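# dropping the sequence and predicted coords here.
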Amino acid sequence: MIIHKHKKHSSLIRRIAVICGMLLATVFIAPISAHAEATPVDVANETQLREALSNASAPADITIRFTGDVKLTSSLKIPAGKTVSFTDDGTARKITYSGITSTSIPVIEVPEEATFNLKGKNLAIDGSENGSSSYVIKVHGTFTMEAGSIVNTYTGPGWFQTDNYNSVVSVDGANAKFTMSGGNISHNHQVRTVGTAVVTVTNGAHFRLTGNAKISDNSLLEREDGTSVDLVNADRVLESKDVDKHINAPVWVIPQGESRFTMDGGSITNNNAGFAGGVLIGYSGQSNGAGHAHMDFTGGVISNNKALLFGGGVFLLTNPGKVASLSMGGNAKIIGNEAPSGGGVAIFDSFALSQPDKDEDKDAYNKYLAGFPAYKEKIKGEGFTMTGGEISGNTARLFTNGPHGAVGGGIYVASDNVKITGGAIKDNVAEEQGGGIYIGTIPYTVKIDNALVTGNHASIMGGGIWLCPTGEALSSIKNGGAIFDNTADKTGADVASVKKQYETKLYLSNMMLGNWLTTWYNDGGLTQGNGSAYDLGHPDPDVKRYDAMNAQEREATYRGGIIESEDNLTLKSVPGEQGKKVARENAKVFITGNKAPRGAGIGTNGNVQFGEKPVNYPKVNISITKEWKGDEADSSKRPKSVKVGLFEGDKQIAEQSLSADNNWTYNWKDLPKFGSADPAEAAGKVAVTYTVKELDPDPGYTVAVSEDTDTSDSFAYTVTNTLNPTPPPTPDKPTPTPDKPTPTPDKPKPTKPGKAKLVASGYSMGEYLPAMIGLATLLIATGVLANIQGRKKD
């Protein structure tokens, strides 16, 4: 018994020792681990800095702490095989430099096997004391920027045709990586030039912008005389020299090798530049070799930038063998940027640069179009895909004597590889055409799935969509679109299409998102001037707008279901309120709140395609007529109007109001004969069953539906409302004779609290409650006594 007691005690002691050891480890070992890195080397001048870097006995990881401002007089090279971190001592410190102006000589060089970290939040690399330089930091290895700033640098002219891309940070080579998770690169300047940027990414390098890092307030539009092109106020009138030599951008991803830019956080904001206000992807001057520049944009903001030419936010430019691509989704935002073409985003390939005049020689133009398939083979992999994110509040501005534009407030497209399947394109402005999206010319096509085009406003025509003589639109059934509740001051609230040329057409389905129907009506008119392929169309003041028509006039302008037209056409879409609700619930692309004189939502000289399946398929028509019976003598009891619903199987797809204004009749035209998910493929399919039903019928009438006609392509239904007969008055009941009072049965005695019945057994819990309490007390007492006895034995 005694031995057992000692065993228990020794076990307890061992446990206590282990716990104490763990506590000691927490107290003492953790600080040792935290100080495992080398002690920072303090430097206060250039000599101390160079000695710290060249010290052969220094560890592979070196942290250099700046305790004073340091001025460099020659280029600084990070040693290969080492990781060097710059930080500060809690006080604002500067690394300045002067005399480093030679071509291709950087202020700081990071070779392939070196890593350079900028960590000090109070540490600035400041170029205000230097003249023009080619690079501030040249990266062939790894550069991470967690904090601090690179400011006030002045980058001299580059020349893209010799691959001399001067920049603040150059990330160059397949092993070069730059990750910027904090700090800022701001207030830097560049003279008007043809090959400069704040950050260049080339020869297969990778740049990642994340966290709260900022590239902001940089001006790349300096003239030789020291003035800067003012894109905000003064310089809507530009000189040609202001346009010719501004091939630059804050971030430039160059298609040499597989160069990549990943942006999942951070911001690029308040910059002014030439080709792109925020990011330029593509446009290599190298004449030989293939390359690809790609941007993957899933987070962060590109905002309030201004460009002299294309893409206030982002510009993609592809040449044969030098392709550019952008994938946008997630929480990516392009907001409040400005440019003549593509206030938010511009996508451009070089094919359109060679197009002849559409009016002067149509044979030459058709020959030019025939060469497009061969050209596309040379630019495989280029394009823009948008699966989410937001492009909003951007502006396409008009300049005098400058680049013609003011088109594509949100997106400008001159590419055949643009697909939009998610996200919002909203509140953008174009001062000419295409507030939300603008397609520049044929043969380019933009594909949009599950799109809602609503709430856009045109000051002239085409609040939803405007199409020029070469513009074509195709609205399909599967994953198509919904166009309604747009406005235009002059004509065509939802659609305005100018008479077609070059074998283009307007195709519009009556089937909106969620398979609800809409109805197309004429809305005003338009005329053409000389029939040019460049004619924008003009409102016809002699033709009534839809809203000014009475009910009979509206029915006379009813265009039916499918719209297929090559003529001048101005339309209003009129779906039911439930159809609008269903469309909003099914939409994944939202084109809303945009403004332009023509084509507020979308303007096109090329092609826009909604959805996947064609509008040409076997069709049926369904008519419905309302009849009244039993109230011929007094029709005042009839409701002024009734609503009827059209059902595909058991799913409602349309509703229509019937009244005396439309003679209590309506005809749904061009409905898919076979399943609307794929209506064109009829082989082996069973035809759709359509039915009609009155919605919320008047209780004073009995409703009956009869089918009058049933052919392969036409169905006619009659909904008959028969007045219910008035029931005869109920005779007065005789007053009952008083009788003996009915005896009141005894009231059941109330159950006392605590007598709740257990439904399953029927026993009364209250009867056994005292015994249960006693038993519980006995068990508790027994346990206590046993515990005391056990302690005495021990």
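Arrived safely.
# I'd like the average pLDDT over stretch 407-415.
Taken as a whole, stretch 407-415 has an average pLDDT of 96.
# tell me how many other residues crowd residue 502.
15 (other C-beta atoms under 10 Å). Where you see a C-beta, it was placed from the backbone N, CA and C, and this is true even at glycine.
# wait, it touches residue 533, no?
Yes - using C-beta atoms under 8 Å, residue 502 is in contact with residue 533, at 7.2 Å.
# give me the common contacts of the two.
358, 469-470 (C-beta atoms under 8 Å, 6 or more residues apart in numbering).
# next, the buried residues of stretch 344-357.
Neighbour-count burial for stretch 344-357 flags 344-352 (criterion: 16 or more other C-beta atoms under 10 Å).
# go on, stretch 600-618?
Neighbour-count burial for stretch 600-618 flags 600-611, 613, 615, 617-618 (criterion: 16+ other C-beta under 10 Å).
# look up which helix or strand residue 365 falls in, please.
Residue 365 belongs to helix 362-370 when assigned by DSSP states H and E.
# list the contacts of that helix.
354-358, 442-443, 502.
# pLDDT of it, averaged?
The average pLDDT for helix 362-370 rounds to 87.
# could you point out which element follows whichever helix or strand residue 108 is part of?
For residue 108, the host element (DSSP H and E) is strand 106-110. Sequence-wise, the next helix or strand downstream of strand 106-110 (DSSP H and E) is strand 115-118.
# starting at the chain centroid, how far to that following strand?
Relative to its chain's centre, strand 115-118 lies at 34 Å (C-alpha atoms, centre = their mean, to the nearest Å).
# cool, and stretch 623-631?
Counting by C-alpha atoms, centre = their mean, stretch 623-631 comes out at 49 Å from the chain centroid.
# just stretch 98-108 next, same as before
41 Å.
# so which residues of this structure form helices?
Using DSSP state H, the helices of the chain run over 2-24, 30-34, 46-54, 240-244, 362-370, 372-377, 551-556, 577-586, 765-793.
# quickly, which of these bottoms out on average pLDDT?
Of all the helices of the chain, helix 30-34 carries the lowest average pLDDT, namely a mean of 41.
# still on that earlier bit, residues contacting the strand holding residue 108, please?
By C-beta under 8 Å, 6+ apart, strand 106-110 touches 72, 75-78, 97, 100, 116, 125, 127, 130, 133-143, 170.
# those residues, buried ones only, as a PyMOL selection?
Command for PyMOL that selects the buried part of those, burial taken from 16+ other C-beta under 10 Å:
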select buried, resi 72+76+77+78+97+100+116+125+127+130+133+134+135+136+137+138+139+140+141+142+143+170
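# per-domain residue ranges of this protein.
Split into domains by automatic domain parsing, the chain comes to 1-36, 42-143, 153-326+342-377, 449-615, 619-632+641-723.
# just the terminal-to-terminal distance for the longest one.
From its first residue to its last, domain 153-326+342-377 covers 42 Å (C-alpha to C-alpha, to the nearest Å).
# chain center to it: distance?
For domain 153-326+342-377 - counting by C-alpha atoms, centre = their mean - the centre lies 21 Å from the chain centre.
# tell me which helix or strand in this structure has the weakest average pLDDT.
Lowest on mean pLDDT, DSSP states H and E among the helices and strands of the chain sits helix 30-34, with a mean of 41.
# find the nearest non-adjacent residue to residue 249, please.
Nearest residue to residue 249 in three dimensions, chain neighbours excluded: residue 280, at 3.5 Å (C-beta to C-beta, 6 or more residues apart in numbering).
# residue 570: neighbouring residues, count only.
Count around residue 570 with other C-beta under 10 Å applied: 29.
# what's the answer for residue 110, then?
27.
# and the pLDDT for it?
The score at residue 110 is 98. That number is its pLDDT.
# hmm, back to that, partners of the strand holding residue 108 in the sheet?
Strand 106-110 sits in its sheet next to strand 76-77 (parallel), strand 135-139 (parallel), going by DSSP bridges.
# okay if I get the ones you listed as CSV plus mean pLDDT?
Converted to CSV, the strands paired with strand 106-110 look like this (pLDDT from 0 to 100):
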stretch, mean pLDDT
strand 76-77, 96
strand 135-139, 94
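# mind putting these in JSON lines, distance to residue 487 included?
Shown next, in JSON lines, are those (distance: least, C-beta to C-beta, whole Å):
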{"stretch": "strand 76-77", "distance to residue 487": "61"}
{"stretch": "strand 135-139", "distance to residue 487": "51"}
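# list the buried residues for stretch 407-423?
407-418, 420-423.
# start and end of that stretch, how far apart?
So stretch 407-423: terminal residues 21 Å apart, C-alpha to C-alpha.
# what's the offset of it from the middle of its chain?
That offset, for stretch 407-423, works out to 11 Å (C-alpha atoms, centre = their mean).
# got it, and stretch 655-662?
40 Å.
# give me the mean pLDDT for that stretch.
For stretch 655-662, mean pLDDT rounds to 89.
# and if you look at stretch 501-515?
Averaging pLDDT along stretch 501-515 yields 83.
# how about it: buried residues?
501, 504-515.
# from these, which two are the most distant?
Greatest spatial distance among the buried residues of stretch 501-515 (C-beta to C-beta): 501 and 514, at 34.9 Å.
# quick revisit: mind putting the domains of the chain into TSV with distance to residue 427?
Output for the domains of the chain, formatted as TSV (distance: least, C-beta to C-beta, whole Å):
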stretch	distance to residue 427
domain 1-36	50
domain 42-143	35
domain 153-326+342-377	11
domain 449-615	4
domain 619-632+641-723	31
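# in stretch 578-597, what's buried?
Going by neighbour count (16+ other C-beta under 10 Å), the buried part of stretch 578-597 is 578-580, 582-583, 586-597.
# before we move on, the earlier item: just the local confidence number for the residue nearest to residue 249, please.
Listed pLDDT for residue 280 reads 96.
# how close does it get to residue 617?
To residue 617, residue 280 is 44 Å away according to C-beta to C-beta, to the nearest Å.
# and for residue 634?
Counting by C-beta to C-beta - residue 634 and residue 617 are separated by 47 Å.
# just residue 450 next, same as before
On the measure of C-beta to C-beta, residue 450 and residue 617 end up 19 Å apart.
# also residue 562?
For residue 562, the distance to residue 617 equals 9 Å [C-beta to C-beta].
# same question for residue 419.
To residue 617, residue 419 is 23 Å away according to C-beta to C-beta.
# just to revisit the earlier point, any idea which of the buried residues of stretch 344-357 is closest to residue 627?
Lowest distance from residue 627 to the buried residues of stretch 344-357 (C-beta to C-beta) belongs to residue 344, with 55.3 Å.
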